[in-house]
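Student: Make a model of this:
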Amino acid sequence: MKVSNRLFFSSPPGTAKEEFVEGVVCQEGDIGENEMKTFDLGGSKVLIVKQKGKISALGTKCSHYGAPLSTGALGDGRIRCPWHGACFSLETGDIEDFPGQDSIPCYQVKIEQGQVKVRAKKSDLQENKRTKMMAKRDVKDERTFVVIGGGPSGAICVETIRQNGFTGRVVLICKETSLPYDRVKVSKAMEAPPEKIQLRSQSFYDDNHIETMLGVEATDLNAANKEITLNNGYKIKYDKVYIATGSTPRKAPVPGADLKNVVTLRNVTDGNYVSGILTKDSHVVVLGVSFVGLEAAAYCVNKTAKVTVIGRDSVPLKPVFGEAVGARVMKFFEDQNVEFVMNSGIKACMGNAEGVLESVELNDGTILKADICIMGVGSTLNTEFLKTSGLVLNKDGSINTNQHLESSINDVFIGGDIANSPVFSNDNKPAAIGHYPLAQYHGKIAALNMTGKAQELHVVPYFWTMVFGKSFRYCGYGKPAEVHIEGSLEEMKYVAFYMNQAGKVISVSSCQRDPIVSQFAEFLSQGRTLTKAEIQEDPFAWLQQLNK
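Tutor: Down below sits the predicted model:
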């Protein structure tokens, strides 16, 4: 439809009209209830959504990796990205769940004589994302909020603190020497330098009066005195503190694990190191069949002579995807020249006189040439420094929180990998889940509660990976007793429903069936329950229940 040049809205005082595009994008009847469509506005696109009789106009792409939101899942008052599960409010365009940093534009809408008229900033149309306004530092405000941990959780927390009007001092303590970055890239794009995958620039933090202490580690927390001790000898007083120190990957406790080129993948330095030593003659051994291990194998295989993955289970990702899907994933990797040795492990790593890795011995005595061994066999939570703080650490190092991510000690909030916190889709039973978007969500919820905007957790875990051009998605939580698969595993176009002993569907995974996992995430978010009996009768009838 051709857009009229006529102006329908008044501009804010002092704003030039040429900064805006205004026009009719469609007729009111062109968009149905609970429908999403894109329309042209001045040579750009806007997303038009109708829900509960109201029409909204928003940016067309997810602010994370640019997925088209029109193909996503429409929830109750929000849109969920079809690729990675990020959520945006229909009312404001604000990001509500993650991954991502930014919100999306929300445009003005008027309905006149059946015409849908939209007014949008030209810059918003071009960018398709926006950063929320943040409060500035007021030197008269003597409060100090400290965030310990420069990962995805801490990065979102400091921003959200400022976005919600806090004018005191905000300090971000980062153990790494890099500003917060997209940690997902560590195993998927190992060559990426930190400055290329930073979430925000130093000028962003400076402009918003967020102090960043890089290469600094917290070594003690005195909750009675509200004081944090850092490894540089500095002590900092806090009014409230958010701790999201994440985890450190473990190496297998075998002889030779300390040899050069026996590595783990935790940070950008690790990824850069592995990328830098890979050659076409390298033999790479990956111990562990987690998402990270498989992503690392996928990254290395076309750059090296051989990649072998060692796993203790019968198939990769069995605890998450189940036997059948795991077997298909393994076959898919084998088709890309990745070799597997399953039901096995590494007994020892062996090196030369200079202490450099040369080979690994498997449990059955088999010797494999290995120039590099990447170990992904679990991780240790970074909470050792809190042992004398008064906080109670669980056996695994995690810390219990309430629905607001507050610990047993007032004004001490916990999030990310180290938080044993309620999971809404798991009947609010607590769990410690280490995953990027959940860590970001924790950062937001903690910041809201720290700034007095009481907000309870509403966690629906969402995982994904992309390897060799195929995307695998998973939503939910819990150990399944049974799996029901719809579609074709052979063609890698399927949906898998996972049920517990009681016959409740606790999770769903898919490949090439977007946006089904995002739709199930919205289904769970609305507090709905799906059963084995319903799946057997009609595996997709539940989609009709969304937003009703």
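
Student: Quick one: residues contacting the nearest residue to residue 50 once chain neighbours are set aside.
Tutor: Nearest residue to residue 50, sequence neighbours excluded (CB to CB, 6 or more residues apart in numbering): residue 31, at 4.7 Å. Just so you know, the C-beta spots here come from the backbone N, C-alpha and C atoms, and that holds for glycine as well. By CB atoms under 8 Å, 6 or more residues apart in numbering, the contact set of residue 31 is 37, 48, 49, 50, 55, 116.

Student: Recalculate using a threshold of 10 Å.
Tutor: Residues counted as contacts of residue 31 (CB atoms under 10 Å, 6 or more residues apart in numbering) are 25, 37, 39, 48, 49, 50, 55, 116.

Student: Check residue 370 too.
Tutor: Counted by CB under 10 Å, 6+ apart, residue 370 has contacts 259, 261-262, 282-287, 306, 308, 346, 349-351, 357-361.

Student: Could you pick out the buried ones from those?
Tutor: 259, 261-262, 282-287, 306, 308, 346, 349, 351, 357-361 (16 or more other CB atoms under 10 Å).

Student: In strands only, show me these.
Tutor: Among these, the subset assigned to strands under DSSP state E consists of 262, 283-287, 306, 308, 346, 349, 351, 357-361.

Student: and which of the residues you listed is nearest residue 146?
Tutor: Proximity of these to residue 146 (CB to CB) peaks at residue 262, which lies at 35.4 Å.

Student: which one is that closest one nearest to, not counting chain neighbours?
Tutor: Using CB to CB, 6+ apart and skipping the chain neighbours, the partner closest in space to residue 262 is residue 373 (4.7 Å).

Student: how deep is the residue nearest to residue 182 when sequence neighbours are not counted tucked in, by neighbour count?
Tutor: Nearest residue to residue 182 in three dimensions, chain neighbours excluded: residue 197, at 4.5 Å (CB to CB, 6+ apart). As a burial measure, residue 197 scores 19 neighbours (other CB atoms under 10 Å).

Student: Now for the contacts of residue 31, which sits with the most neighbours around it?
Tutor: Sorting these by how many neighbours each has (other CB under 10 Å) puts residue 25 first, at 27 neighbours.

Student: which ones are touching the closest residue to that one other than its chain neighbours?
Tutor: Spatial nearest neighbour of residue 25, excluding adjacent residues (CB to CB, 6+ apart): residue 39 at 4.0 Å. Residue 39 makes contact with 1, 3, 23-26, 30-31, 45-48, 57, 60, 116, 118, according to CB under 10 Å, 6+ apart.

Student: Wasn't residue 39 part of a strand?
Tutor: Yes - per DSSP: H, G, I helix; E, B strand; the rest coil, residue 39 lies within a strand segment.

Student: Number of residues surrounding residue 453?
Tutor: Counted by other CB under 10 Å, the residues lying close to residue 453 total 12.

Student: Roughly how far does it sit from residue 445?
Tutor: 10 Å (CB to CB, to the nearest Å).

Student: Need the overlap of contacts for those two.
Tutor: residue 160.

Student: Just to check, residue 265 is in contact with residue 374?
Tutor: Yes - using CB atoms under 10 Å, residue 265 makes contact with residue 374 at a distance of 6.2 Å.

Student: Contacts only, for the residue nearest the centre of the chain.
Tutor: Ranked by distance to the mean C-alpha position of the chain (CA atoms, centre = their mean), the top residue is residue 437 at 2.2 Å. Contact analysis of residue 437 by CB under 10 Å, 6+ apart lists 64, 84-86, 97-100, 152, 184, 461-464.

Student: What of residue 64?
Tutor: Going by CB under 10 Å, 6+ apart, residue 64 touches 81, 83-86, 95, 98-102, 129, 182, 437.

Student: quick one: secondary structure of the nearest residue to it once chain neighbours are set aside?
Tutor: Nearest residue to residue 64, sequence neighbours excluded (CB to CB, 6+ apart): residue 100, at 3.6 Å. Look at residue 100: counting by three-state DSSP, its state is coil.

Student: can I assume residue 100 is in contact with residue 69?
Tutor: No - judged on CB under 10 Å, residue 100 makes no contact with residue 69 at a distance of 12.0 Å.

Student: could you dump stretch 392-403 to CSV, C-alpha only?
Tutor: Output in CSV follows, covering the C-alpha atoms of stretch 392-403 (Å, rounded to 0.1, in the frame of the first residue of the first chain):
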residue,chain,number,x,y,z
VAL,A,392,25.0,-20.5,52.9
LEU,A,393,26.5,-22.3,50.0
ASN,A,394,24.9,-25.5,48.8
LYS,A,395,27.0,-28.6,48.2
ASP,A,396,27.5,-27.7,44.5
GLY,A,397,28.5,-24.1,45.4
SER,A,398,25.1,-22.6,44.4
ILE,A,399,23.2,-20.2,46.7
ASN,A,400,19.5,-20.3,47.4
THR,A,401,17.4,-17.2,46.5
ASN,A,402,13.8,-16.2,46.8
GLN,A,403,11.5,-15.1,44.0
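
Student: Can you mark which positions in it are buried?
Tutor: Within stretch 392-403, the residues scored as buried using 16+ other CB under 10 Å are 393, 397, 398, 399, 400, 401, 402, 403.

Student: would you list the residues you listed in TSV and tack on secondary structure?
Tutor: Listed next are the buried residues of stretch 392-403 as TSV, based on three-state DSSP:
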residue	secondary structure
393	strand
397	coil
398	coil
399	strand
400	strand
401	coil
402	coil
403	coil
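
Student: any idea which of these is the one closest to residue 537?
Tutor: Closest to residue 537 out of the buried residues of stretch 392-403 is residue 403 (35.0 Å), distances taken as CB to CB.

Student: what residues are up against that closest one?
Tutor: Applying CB under 10 Å, 6+ apart to residue 403 gives the contacts 421, 422, 424, 428, 445, 449, 454, 455, 456, 457, 458, 459.

Student: how about the helices in the stretch 101-250 of the chain?
Tutor: 122-127, 152-163, 185-188, 202-207 (DSSP state H, counting those that start in this stretch).

Student: which of these sits most buried?
Tutor: Neighbour counts (mean count of other CB atoms under 10 Å) averaged over each of the helices of the stretch 101-250 of the chain peak at helix 152-163, with a mean of 28.

Student: Cheers, nothing more for now.
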